[in-house]
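Colleague: One predicted model, sequence on top.
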Amino acid sequence: MAKVIMVQGTMSNAGKSLIAAGLCRIMKQDGYRVAPFKSQNMALNSFITKEGLEMGRAQVMQAEAAGIEPMVCMNPILLKPTNHTGSQVIVNGEVLGNMTARDYFSYKKQLIPDIKKAFRKLEQMADIIVIEGAGSPAEINLKEQDIVNMGLAALVDAPVILVGDVDRGGVFAQLLGTLMLLEKEEKERVKGLIINKFRGDASILDSGIVMLEQRGKIPVIGVVPYMELSLEDEDSLTERFDKKNAACIDLAVIRYPRISNFTDFHVFEQIKEVSVRYVTSVEQLHHPDLILLPGSKNTMGDLKWMRQNGLESAIKRLAEQIPVCGICGGYQMLGQWISDPAGVEEGGMMRGMELLPVATELKDNKVRSQVKGCFNELEGLFSCLSGLEYCGYEIHMGQTKWAENGETVQGCIKEAVVSGNNKNIYGTYIHGIFDKGTVATSIINGLAEKKGIKIEDGMFEDDQSFKEKQYDKLADTLRRYLNMEEIYGMLRETHLE
């Protein structure tokens, strides 16, 4: 029977995902078969497994840290927000349907058998399961129906480590306040506290830690420093959106309200001479070297947002001079029109940006598949990709066809990347298309050549080897600042009925 430990946080973005990933890596290094688990994840970043099933990318990242293949049983429930009050509900990798927050709150306990089944599958293959919670366990309005924090901890009899974020301030109030709002049996599950993201001399926390331990009756098992890591974030709270670093090559990613799978652009952040900026207004856009339109959970709504704030017009003007690439929802936006006869998003029909000779019809069924192949013949900046290998995955609601004279042409588009008369414009459905081999560096070298500059050789390495070093760096840091002997001592066998 597998042993288990759970990482919960005082709030969203306290660092649960990375702490859980680091524990997975350490335990893998120590010779254990370890697997991550999160019963319910809310995120717009998702991944498609080899079986064509959809799961949250945070558990994919943790599986990579554990050195195992991502499996949908690591994240049996995924919620993808479609608006401010509702989400697409994905269970065991397949779409169950759209629900309002209130409807899902009433329904979710019916999914406990799915959670149990997924967890049992992991038990059969792992010595240790590292569970991640969601948000905060002290949300008293959610406790009654909880299936992801203390409710799950009770279900699998898991000891809990509670993580607080000192970088946001008030970490002692976060941790002590959370403990005070827990029921007696819930607090008894908490075996250790972690102060995360500390900058400076940790000794200045000593008096606060003494008082925290006296009042909370639970030991602080580590003060973890703020870590400069390039690993995938769980959701739109990512600090990447706030980075304003300048570099020789400037990439602008349009950050619309329902942006999804922005992890497609992390590979460019590894290149020293490249800045990746997430922009929300014309004033922030400036004159970048490449504009990237990412995926969207509401393509029509996000296109309307760009149309209303002037970004669409600005991008269309710049497209005469600089390349623009759309992925998934961004690709759909670049077409002639988007129709939604089934009411998947907004319903009706909407004019696209009219930069690519394609049109999209949104459909109820979701395309989910891993893909690989070689790039088709391309012109302009992307001509350097012609014939190179790519791999990635498709995940979209809709079918895109060639369009001319106001009508679509029958037959599916087979090209990996679509372009039109304007050789600056590119569109693709493939997430992760920049990750393999020299794809990203080829694009950056092309942009550098256009500007008359040269990118230093050897500044980039294969995406997977780069990630492996990041996971090892994460593990090394946690070994240094956490009491791993205490953490191993917390592990207990599960008692899932």
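Modeller: Arrived safely, thanks for sending.
Colleague: would you list every one of the helices in the stretch 101-250 of the chain?
Modeller: Using DSSP state H, counting those that start in this stretch, the helices of the stretch 101-250 of the chain run over 101-107, 112-123, 150-156, 171-181, 184-187, 206-216.
Colleague: May I see the buried residues of the fifth one?
Modeller: To tie it back to what came earlier, the one meant is helix 184-187. By neighbour count with 16 or more other CB atoms under 10 Å, helix 184-187 contains the buried residues Glu186, Lys187. (C-beta placed from N, C-alpha, C; glycine too.)
Colleague: Now it: average pLDDT?
Modeller: Average pLDDT, helix 184-187: 96.
Colleague: Show residues contacting it.
Modeller: With contacts defined as CB atoms under 8 Å, 6 or more residues apart in numbering, helix 184-187 is touched by Pro137, Met150, Ala153, Ala154, Leu179, Ile218.
Colleague: Filter those down to the buried ones.
Modeller: The buried subset of the contacts of helix 184-187 (16+ other CB under 10 Å) comprises Pro137, Met150, Ala153, Leu179, Ile218.
Colleague: can I get those residues in TSV with pLDDT?
Modeller: Listed next are the buried ones among the contacts of helix 184-187 as TSV, based on pLDDT from 0 to 100:
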residue	pLDDT
Pro137	96
Met150	97
Ala153	96
Leu179	97
Ile218	97
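Colleague: Let me know the closest of those residues to Ser296.
Modeller: Pro137 (31.4 Å; CB to CB).
Colleague: any idea how far Gln62 is from that closest one?
Modeller: 19 Å (CB to CB, to the nearest Å).
Colleague: Tyr471 is nearest to which of the helices of the stretch 101-250 of the chain?
Modeller: Of all these, helix 112-123 sits nearest to Tyr471, with 19.6 Å by CB to CB.
Colleague: Show me what that closest one is packed against.
Modeller: Packing partners of helix 112-123 (3 or more CB pairs under 8 Å, 6 or more residues apart in numbering; DSSP states H and E): strand 34-37, strand 128-132, helix 150-156.
Colleague: returning to what we had before: of all the contacts of helix 184-187, which two lie farthest apart?
Modeller: Maximum distance among those (CB to CB): 17.7 Å, for Ala154 and Ile218.
Colleague: If you count residues, where's the longest helix of the chain?
Modeller: When the chain is parsed with DSSP state H, its longest helix is helix 463-481.
Colleague: In the helix or strand following it, which residues are buried?
Modeller: Toward the C-terminus, helix 463-481 is succeeded by helix 484-490 as the next helix or strand (DSSP states H and E). Of the residues in helix 484-490, Met484, Ile487, Met490 count as buried by neighbour count, 16+ other CB under 10 Å.
Colleague: what's helix 484-490 in contact with?
Modeller: In contact with helix 484-490 (CB under 8 Å, 6+ apart) are residues Ile5, Leu23, Ile26, Pro159, Ile161, Lys191, Gly192, Pro219, Ile221, Leu478.
Colleague: among those residues, which two are most distant?
Modeller: Ile26 and Pro219 (19.0 Å).
Colleague: Between those two, which has more neighbouring residues?
Modeller: In terms of neighbours (other CB atoms under 10 Å), Ile26 is the more surrounded of Ile26 and Pro219; the figures are 24 against 14.
Colleague: need the contact list for the more buried one.
Modeller: Ala475, Leu478, Arg479, Met484.
Colleague: Validate this expectation: it resides in a helix.
Modeller: Yes: Ile26 sits within a helix when classified using DSSP: H, G, I helix; E, B strand; the rest coil.
Colleague: Look up how far Glu468 lies from it.
Modeller: 14 Å.
Colleague: got it, and Gln88?
Modeller: Distance from Gln88 to Glu468, by CB to CB: 33 Å.
Colleague: So if I had to pick from the two, which one is more boxed in?
Modeller: Shown here are Gln88 and Glu468; by other CB under 10 Å, Gln88 has more neighbours (20 against 16).
Colleague: Report the beta-bridge partners for that one.
Modeller: Lys80, Asn98 (DSSP bridges).
Colleague: Quick check, it in contact with Glu94.
Modeller: No: using CB atoms under 8 Å, Gln88 is not in contact with Glu94, being 11.0 Å away.
Colleague: before we move on, back to that, could the buried ones among the contacts of helix 184-187 go into JSON lines alongside distance to Ser442?
Modeller: Formatted as JSON lines, the buried ones among the contacts of helix 184-187 follow (distance: CB to CB, whole Å):
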{"residue": "Pro137", "distance to Ser442": "47"}
{"residue": "Met150", "distance to Ser442": "49"}
{"residue": "Ala153", "distance to Ser442": "47"}
{"residue": "Leu179", "distance to Ser442": "52"}
{"residue": "Ile218", "distance to Ser442": "52"}
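Colleague: and which of those residues is nearest Pro36?
Modeller: Each of these was scored against Pro36 by CB to CB, and Ala153 proved nearest at 15.4 Å.
Colleague: average model confidence for stretch 68-83?
Modeller: 94.
Colleague: Report the buried residues of it.
Modeller: Neighbour counts using 16+ other CB under 10 Å place 68, 70-82 of stretch 68-83 among the buried residues.
Colleague: how about these in a markdown table, adding secondary structure?
Modeller: Formatted as a markdown table, these follow (three-state DSSP):
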| residue | secondary structure |
| --- | --- |
| Ile68 | coil |
| Pro70 | coil |
| Met71 | coil |
| Val72 | helix |
| Cys73 | helix |
| Met74 | helix |
| Asn75 | coil |
| Pro76 | coil |
| Ile77 | strand |
| Leu78 | strand |
| Leu79 | strand |
| Lys80 | strand |
| Pro81 | strand |
| Thr82 | coil |
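Colleague: just checking, Gly432 touches Lys372?
Modeller: No: counting by CB under 8 Å, Gly432 stays clear of Lys372, with 10.1 Å between them.
Colleague: where do the contact lists of the two overlap?
Modeller: With CB under 8 Å, 6+ apart, Gly432 and Lys372 have common neighbours Cys391, Gly392.
Colleague: So which of the two has more stuff around it?
Modeller: Gly432 (23 against 12).
Colleague: Enumerate every residue touching that one.
Modeller: Counting by CB under 8 Å, 6+ apart, Gly432 has contacts Thr263, Asp264, Cys391, Gly392, Tyr393.
Colleague: per-residue pLDDT, Asn261?
Modeller: pLDDT, read off for Asn261, is 91.
Colleague: What's the separation between Lys16 and Met6?
Modeller: 10 Å.
Colleague: Show me the common contact partners of these two, please.
Modeller: Going by CB under 8 Å, 6+ apart, residues that sit against Lys16 and also against Met6 are Glu132, Gly133.
Colleague: For the helices and strands packed on helix 112-123, state which one has the densest average packing.
Modeller: Across the helices and strands packed on helix 112-123, averaging neighbours per residue (mean count of other CB atoms under 10 Å) puts strand 34-37 on top, at a mean of 28.
Colleague: Only alpha carbons, please: show that one as PDB.
Modeller: Provided in PDB are the C-alpha atoms of strand 34-37 (Å, rounded to 0.1, in the frame of the first residue of the first chain):
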ATOM      1  CA  VAL A  34       6.500   8.500  -6.400                       C
ATOM      2  CA  ALA A  35       3.400  10.000  -8.100                       C
ATOM      3  CA  PRO A  36       1.500  13.300  -7.800                       C
ATOM      4  CA  PHE A  37      -2.200  13.700  -7.200                       C
END
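Colleague: Fine by me, thanks again.
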